[in-house]
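1. sequence first, then the predicted structure:
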Amino acid sequence: MSDDNKTTHFGYTEVPVEEKVKRVADVFHSVAAKYDVMNDLMSGGVHRLWKRVTIESSGARAGHSILDIAGGTGDLTKKFSRIVGPSGKVVLADINASMLNVGRDKLINSGVSGNVEYCQANAECLPFADNTFDIITIAFGLRNVTDKDAAIRSMLRVLKPGGKLMILEFSKTDNPLLTKAYDFYSFNILPKMGQVIANDAESYRYLAESIRMHPDQETLKGMMDDAGFVNTRYRNMTGGVVALHTGIKP
Amino acid sequence: MELINAARIESLEAALNLLLQTRPMLRERLQKLSGKTLRLVLLPQNWSLLIRLHSEGIELSQDREFEADVSLKGELGVLIKLITEPRSVLFGQGAEIGGDAALLQRLQKALREPGLDWELWLSEQLGDLPTSALTQAFAPVSAAVRESKSSLQRILKSYLQEELEALPPRAEYELWANSVSKVRTRTEQLELRISKLLESKLSEPR
């Protein structure tokens, strides 16, 4: 198959690779302005707790260089910025200009500046030198990346030896009852909330579908192992609704 | 348990920062210590809490590995006294102190706030966590419920006011209510004047 004919999934739909990039971009252009409000309402505020656990497990210290990929509206960057202090650096990267703009405005308005840089970047080919960062995080972003293996390899390249990759992402629940309730919520309630609040049911339907199409915990761990990470592990949160994968660059 | 603890910390952090918003002098004094960290280890639970002061407020964390500038280990009541009472003798009070004791003294001065009883305030936030085993078991749950409730209230208020613009901000409402009150007064004055004019018009000889 030639590159021109390559397809991938966009939610449950099979689309040409180039079209997925454009469609994902459209989704996030559409939801950027209401992203934080929707996150709070969709998760009942629990996404803040998932992110808090991620930050507390990161081992971030003063002077560290941290890359927050798909950093969106800057929740992780804000906290990391305070931890690394003036001697450290946090780069907020996102492929989507609308999300990056919202994130930059939000951080500046909340007094975060000085040690934060902003970069519009594709996770599959990160525009940074080898061995640059102590920690890389990607929270709720990997499932939107077209070539996840390429992204994980790219992250490995720009991490310093001994550096840590942290992937926070929706995953697979292991309790059948919870799975049923979660599916009902995702496909019936979530798009309606999207319609009412962001006037955009389709984007939120895509978000639900993309979660189901994302590799499960063991598969993602295997992808990290294959890319060359060591000490890879994951821990489930909220019964597997979300999983935090970590790996170290040897 | 991990998320319940995170909820408890999130709730306490939000309450602390809300308190700082209402006490600008306290906030200003703490801003001078921006970048400093303090670790509290509460006995007998051995519950560790990292407090990070920054330019916009306070951040709490359960990162046990972080090396704080100063650390205190002891029972909650003893630690609160140590932190908030400037004349309190640092050593020999039933608490272990590690790191920069001078920073602790600066913190003591910064946290001294007239009209604020830290022990009472904290007990309101934490429940009877340090003293009762039963409450200890339920405190995280109540913290999570409090967090959800206050978080939802905050979100709903912000959504109604800022997103839908269905509710006006308090300042805008007060301005509006003030204007209505002024219009009412002016109307009453005009009514009075009109009735007086009518009276005088009627009493004029034809």
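-> All right, it came through fine. Numbering: from 1, shown residues only, chains lettered A, B, ... in the order given.
2. run me through the strand neighbours of the strand or helix carrying B:Ser48, direction for each.
-> Here B:Ser48 sits within strand B:47-54, counting by DSSP states H and E. Using DSSP bridges, the strands paired with strand B:47-54 are strand B:37-43 (antiparallel), strand B:57-61 (antiparallel).
3. pipe these into JSON lines and attach mean pLDDT per row.
-> Putting the strands paired with strand B:47-54 into JSON lines (pLDDT from 0 to 100) gives the following:
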{"stretch": "strand B:37-43", "mean pLDDT": "90"}
{"stretch": "strand B:57-61", "mean pLDDT": "92"}
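4. any stretches of chain A with poor pLDDT?
-> Flagging of chain A using pLDDT under 70 yields the residue ranges A:1-5, A:9-12, A:28-33.
5. please enumerate the strands of chain A.
-> A:7-10, A:13-16, A:65-69, A:89-94, A:116-120, A:133-139, A:159-170, A:230-237, A:242-248 (DSSP state E).
6. which residue is nearest the centroid of chain A?
-> Central residue check for chain A by Cα atoms, centre = their mean: the C-alpha nearest the mean position is that of A:Gly141, 2.4 Å away.
7. distance of the nearest residue to that residue once chain neighbours are set aside from chain B?
-> Spatial nearest neighbour of A:Gly141, excluding adjacent residues (Cβ to Cβ, 6 or more residues apart in numbering or on different chains): A:Ala70 at 2.3 Å. Backbone N, C-alpha and C define where each C-beta goes, glycine included. With distances taken as Cβ to the nearest Cβ, to the nearest Å, A:Ala70 is found 22 Å from chain B.
8. how about A:Ala70, what does it touch?
-> Residues near A:Ala70 by Cβ atoms under 8 Å, 6 or more residues apart in numbering or on different chains: A:Ala93, A:Asp94, A:Ile95, A:Ala123, A:Ile138, A:Ala139, A:Phe140, A:Gly141, A:Leu142, A:Asn144, A:Val145.
9. could you rerun that using 10 Å?
-> A:28, A:76, A:92-96, A:99, A:121, A:123, A:137-145, A:151, A:169 (Cβ atoms under 10 Å, 6 or more residues apart in numbering or on different chains).
10. same question for A:Ser154.
-> A:69, A:121-128, A:136, A:145, A:147, A:227.
11. make it 7 Å
-> Counting by Cβ atoms under 7 Å, 6 or more residues apart in numbering or on different chains, A:Ser154 touches A:Ala123, A:Glu124, A:Cys125, A:Leu126.
12. residue contacts, the nearest residue to the first one once chain neighbours are set aside?
-> By that I understand A:Ala123. Among residues not flanking A:Ala123 along the chain, A:Ala151 sits closest, at 4.0 Å (Cβ to Cβ, 6+ apart). Shown in contact with A:Ala151 (Cβ under 7 Å, 6+ apart): A:Ala123, A:Glu124, A:Leu142, A:Val145.
13. so which pair among the residues you listed is furthest apart in space?
-> Taking Cβ to Cβ, the two most distant members of the contacts of A:Ala151 are A:Glu124 and A:Leu142; they sit 10.9 Å apart.
14. what about those two, which has more around it?
-> A:Leu142 (23 against 18; other Cβ atoms under 10 Å in any protein chain shown).
15. so that one versus B:Lys182, what's the distance?
-> Counting by Cβ to Cβ, to the nearest Å, the gap from A:Leu142 to B:Lys182 is 59 Å.
16. just the contacts of A:Ala151: which are in helices?
-> Using DSSP state H, no member of these falls in helices.
17. ok, so of those, who is nearest B:Leu12?
-> Looking across the contacts of A:Ala151 and measuring by Cβ to Cβ, the closest to B:Leu12 is A:Leu142, at 31.5 Å.
18. and the closest one, how close does it get to A:Ile69?
-> 8 Å.
19. now the common contact residues for the two.
-> With Cβ under 7 Å, 6+ apart as the test, A:Leu142 and A:Ile69 reach no residue in common.
20. and the helices in chain A?
-> Using DSSP H, helices in chain A cover A:17-31, A:35-43, A:46-58, A:75-84, A:97-109, A:148-158, A:176-184, A:190-198, A:201-213, A:217-227.
21. point out the most buried one among those.
-> Most buried of the helices of chain A by mean neighbour count (mean count of other Cβ atoms under 10 Å in any protein chain shown) is helix A:75-84; its value is a mean of 25.
22. just how off-centre is that helix within its chain?
-> 16 Å (Cα atoms, centre = their mean, to the nearest Å).
23. and what of stretch B:173-192?
-> That offset, for stretch B:173-192, works out to 36 Å (Cα atoms, centre = their mean).
24. so who does the nearest residue to A:Asp75 once chain neighbours are set aside touch?
-> Here the nearest residue to A:Asp75 in space, its sequence neighbours aside, is A:Lys51; by Cβ to Cβ, 6+ apart that works out to 5.4 Å. Applying Cβ under 7 Å, 6+ apart, we find A:Lys51 in contact with A:Asp75, A:Leu76, A:Ala139.
25. so which of those residues would you say is closest to B:Glu204?
-> The nearest one, if we look at the contacts of A:Lys51 relative to B:Glu204 and count by Cβ to Cβ, is A:Asp75, at 77.0 Å.
26. what's the weakest-modelled helix or strand in chain B?
-> helix B:133-158 (a mean of 54; mean pLDDT, DSSP states H and E).
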